[in-house]
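Q: sequence first, predicted model second:
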Amino acid sequence: MSMDDVRKDFPIFKQVINGHPLVYLDSAATSQKPRPVIEAIDRYYRESNSNVHRGVHTLGSRATEAYELAREKVARFINAPSSDLVVFTRGTTESLNMIGYGYARTKLGEGDEIVLTPAEHHSNLIPWQQAARATGARLKYIPLQADGTITLEDVRRTITDKTRLVAIAQVSNVLGTIYPIREIVDLAHAVGAVVVVDGAQSVPHMPVDVQALDCDFLAFSGHKMCGPTGVGVLYGKRERLEEMEPTYFGGEMIDVVELYEASWKEIPWKFEGGTPIIAGAIGLGAAVDYLTGIGMEEIRRHDRELTEYALERLRSLPGVTVYGPEAAGERGGLVTFNVDGVHPHDVSTVLDSEGIAIRAGHHCAQPLMRWLHVSATARASFYLYNTRADVDALVHGLNTVKEFFQHAIG
Amino acid sequence: MQLDELYRQVIMDHYQHPRNQGELTAKTVSVDLRNPSCGDEITLQLEVADGRVQDVRFRGSGCSISMASASMMTEAIKGQDVPEALSLAKVFRSMIRGEAVDTEVLGDLESLQGVSRFPARVKCALLAWQALEKAVSGHTDHQPE
C-alpha cells in the first residue's frame, strides 16, 4: 500500500472542522483509527462477544482464541521471543505503575539508585518517585544537553554500582529526542541494573525489537498506534516477569484459592486480574496487522521526511522557536515550538479555527518545561496519514497566528 | 467560529497591559492556583478589611484569556465588599457557561463572553475566579462551586 492511500483508511478525515478539512497534528497524544481496527472491534462485539478463559461454550472459545491471537500478533510486532511475555494492560501508565509496584517495590531498598532523565513523561517519573519513597531508593538524573540529547559519557557517570533500575523513554514526547537505548541497556546490565523502556512514542512510529534492545521491560499504549484507547502492553523478559508480583488480585489471575491464601497463574495471566480488555486487545491486534501491512520502516521513513520538512519550514519562520535536536534523524515524528509573545493556548485556538489540531500545554512533562524555561509549548506531531500539505497548512496557520496577534495587540 | 468573537480588543489590552500586577505588602490572603492540565498559574493576593477587598494584586503566567480575565477581575473587585465580589464571580461563571446574564455589572468582563463558545478555553477564563473564591472562603461561609 502506498502512503498516499493511507488517508482513505481513516474515516475521521472525511469531516470538516470549522469550515476547513481536518489537519490532525496531535498523534503523539492519540492516533486516529483506520477502518480495519474499527471493524475488528465492531465485529468482535457483534459475533464473538464472550468472556475469555472460562466459558466452555463456543463463543467463549472464539473470544479466547481471538484474545490470545492478539497477544501473538503484538509479540511478533516487537519481536518478543514468546507471546507469554506480553501482558495486556490499560496503557503505558498502567504498565509502568505495575513495574513500580510489582517489581521496584520488592527489589529495591535503602541506598539503591534509580536512574532517569529530566525529559521523562510524568508517567515514567512519578511511579519511580513513589517507588523511591516506599523503598528508600534514590532518584538520579542523566543531564540533558542543550538540544535535549544525552551523552553516553554522562550515562556512564550517572549509572553506578548502586544503580538497580534505569527508566527512560525511547523517544521524548516533547523534544522528540531518540535516546540510545541499546547503549544504555549495556551500561546498566554491566552493573546488574534492569532497564525499563517507555515505548509510548517509539513503538507506534519505528521498528522496535525488544531482543535487539535487550531491555528488561517495555511499556506502550495501543491508542497511539492506531488501536483503541484502554489497552496497552507490558513486555518483560521471562525472568523479570516471573520475579515480578501481580498488582491486581481477583478473578482470572489465580491458580488455587484457599480461605487464607491463594496462588497465581503463570505469566502473563497472573498480571491480568479481572475480565481482561478483550475488545481492546483484539483492536490492538488489528492495528498491529494494519501497521505491519504498511511496514514500520516505511512509517519511520515517512515520519522522518515530514519532520525534516516541518523543521525546515518552522525554523525559517521569524519569531518561532523550535526545541529539540537539530537533525530529523535524531528525533521522532514531532516538532515542539513556541511563537514569540503568543501563549501556546492562543496559538492552538487560532490554528483550530483553520481546522488544525495541535497540542498546547506542558505535555505531562513539567520538569522538562522548567528546564526549557517555559511554562508551556505547542507541539505538532505526525503519523502515517499526514502529508506535506498538512505541514503547509500548519505554516499558513502560524502566519495567521502572527498576523492576528500583531493586529490584535496593535 | 470567528476569532474576533474571542479575542476582543479590550482582552488584548488587558493581556498586554495587565492591571494590578505585582505583590501586596500589607496583611494579605494569598492563593496560588494552577491549571494542572495546561500549566497556567496565578498568585492572587487580597487585602481584606472590614469585609471589603481593600486592595488586590496578581502575578501569573498563562494565555491571553487567563491573564486578561485575572486583570479585569482585579479591577472589578477592588473596593467591593466580599459578598459583592462573590456574586460577581457567580455572574461571570454563568456568562462563561453561556447562560444569559445581566451584563450591566460586568463592565469590561463582558468582553470575555465569547469564551463560552470555545469550550477548551473555559478553564482559562475561570482560573483567577477560582483563586478569588478560594481566597475569600475564609472570610465568609461561601463554598466555591
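A: Yep, that arrived.

Q: show me the contacts for A:V347.
A: Going by CB atoms under 8 Å, 6 or more residues apart in numbering or on different chains, A:V347 touches A:338-339, A:358, A:360, A:378, A:398, A:401. For glycine as for every other residue, the C-beta is placed from the backbone atoms N, C-alpha and C.

Q: B:L6 against B:F118, yeah?
A: Yes - the criterion here is CB atoms under 8 Å, and B:L6 meets it with B:F118 at 5.7 Å.

Q: between the two, tell me which one has more neighbours.
A: Between B:L6 and B:F118, counting by other CB atoms under 10 Å in any protein chain shown, B:L6 is the more crowded of the two (23 against 19).

Q: picking up where we left off before, which of the contacts of A:V347 sit farthest apart?
A: A:A360 and A:L398 (12.8 Å; CB to CB).

Q: closest one to A:V23 out of the contacts of A:V347, please.
A: When the contacts of A:V347 are ranked by distance to A:V23 (CB to CB), A:I358 comes first, at 9.0 Å.

Q: and stretch B:23-37, what's buried?
A: For stretch B:23-37, a neighbour-count test (16 or more other CB atoms under 10 Å in any protein chain shown) marks B:24, B:28-29, B:31, B:33-35 as buried.

Q: these into a markdown table, with extra columns for distance to chain A and secondary structure?
A: What follows is these, written out as a markdown table (distance: CB to the nearest CB, whole Å; DSSP: H, G, I helix; E, B strand; the rest coil):
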| residue | distance to chain A | secondary structure |
| --- | --- | --- |
| B:L24 | 23 | coil |
| B:T28 | 24 | coil |
| B:V29 | 24 | strand |
| B:V31 | 18 | strand |
| B:L33 | 14 | strand |
| B:R34 | 10 | strand |
| B:N35 | 9 | coil |
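
Q: ok, of these, which one's closest to B:A100?
A: B:N35 (26.7 Å).

Q: doesn't B:L127 make contact with the closest one?
A: Yes - contact criterion CB under 8 Å: B:N35 and B:L127 qualify, at 5.6 Å.

Q: which strands and helices lie in contact with the strand or helix carrying A:E68?
A: Assigned by DSSP states H and E, A:E68 belongs to helix A:58-77. Judged by 3 or more CB pairs under 8 Å, 6 or more residues apart in numbering or on different chains; DSSP states H and E, helix A:58-77 is in contact with strand A:86-89, helix A:278-294.

Q: so which elements touch the first one?
A: Spelled out, it's strand A:86-89. helix A:58-77, helix A:92-99, strand A:232-236, helix A:278-294.

Q: how far away from the center of its chain is the shortest one?
A: The offset between the C-alpha centroid of strand A:232-236 and the centroid of the whole chain comes to 11 Å, using CA atoms, centre = their mean, to the nearest Å.

Q: pull out the buried residues from the next helix or strand after it.
A: Per DSSP H and E, the first helix or strand lying C-terminal to strand A:232-236 is helix A:238-243. Within helix A:238-243, the residues scored as buried using 16+ other CB under 10 Å are A:240-241.

Q: please name the strands paired to the following helix or strand past helix A:238-243 in the sheet, noting orientation.
A: As assigned by DSSP H and E, the chain's next helix or strand after helix A:238-243 is strand A:254-257. Strand A:254-257 has the following sheet partners, assigned by DSSP bridges: strand A:262-264 (antiparallel).

Q: give me the distance from the partner strand to the chain's centre.
A: Once both centres are worked out by CA atoms, centre = their mean, strand A:262-264 turns out to sit 32 Å from its chain's centre.

Q: where does pLDDT dip in the chain?
A: Reading this off chain A. For chain A, the stretches flagged by pLDDT under 70 are A:1-2, A:408-410.

Q: I was thinking of chain B, sorry if that wasn't clear
A: B:1, B:138-145.

Q: 50 - rerun?
A: B:140-145 (pLDDT under 50).

Q: how about the residues of it near chain A?
A: Proximity of chain B to chain A, by CB under 8 Å from any CB of the partner chain, involves residues B:1-3, B:6-7, B:9, B:12, B:15-16, B:37-41, B:61-66, B:118, B:120-121, B:124.

Q: in strands, which of those appear?
A: Among the residues of chain B next to chain A, DSSP state E puts B:41, B:61 in strands.

Q: let's see which of the residues of chain B next to chain A end up in helices.
A: Of the residues of chain B next to chain A, the ones assigned to helices by DSSP state H are B:3, B:6, B:9, B:12, B:15-16, B:64-66, B:124.

Q: any of those residues buried? List them.
A: Buried among these (16+ other CB under 10 Å): B:3, B:6, B:12, B:15, B:64-66, B:124.

Q: tell me the two of those that are most distant?
A: Farthest apart among these by CB to CB are B:L3 and B:S66. That separation is 17.2 Å.

Q: so how many other residues sit close to the residue nearest to B:G107 when sequence neighbours are not counted?
A: Spatially, and ignoring its direct neighbours in sequence, B:G107 is nearest to B:A76 (6.1 Å; CB to CB, 6 or more residues apart in numbering or on different chains). Residues lying near B:A76 (other CB under 10 Å) number 21.

Q: helix B:9-16 and the strand or helix carrying B:A76, what's the angle between them?
A: Remark: B:A76 resides in helix B:64-77, with elements defined by DSSP H and E. Helix B:64-77 runs at 90 degrees relative to helix B:9-16, counting by axes from the mean of the first three to the mean of the last three CA atoms, to 10 degrees.

Q: for helix B:64-77, packing partners?
A: Partner elements for helix B:64-77 (3+ CB pairs under 8 Å, 6+ apart): helix A:344-352, helix B:9-16, strand B:41-49, strand B:52-61, helix B:82-96, helix B:122-136.

Q: now do 10 Å
A: Judged by 3 or more CB pairs under 10 Å, 6 or more residues apart in numbering or on different chains; DSSP states H and E, helix B:64-77 is in contact with helix A:344-352, helix A:388-409, helix B:9-16, strand B:41-49, strand B:52-61, helix B:82-96, helix B:122-136.

Q: turn the ones you listed into JSON lines, columns for distance to A:I78.
A: Below are the helices and strands packed on helix B:64-77 laid out as JSON lines (distance: least, CB to CB, whole Å):
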{"stretch": "helix A:344-352", "distance to A:I78": "33"}
{"stretch": "helix A:388-409", "distance to A:I78": "28"}
{"stretch": "helix B:9-16", "distance to A:I78": "47"}
{"stretch": "strand B:41-49", "distance to A:I78": "40"}
{"stretch": "strand B:52-61", "distance to A:I78": "41"}
{"stretch": "helix B:82-96", "distance to A:I78": "46"}
{"stretch": "helix B:122-136", "distance to A:I78": "38"}
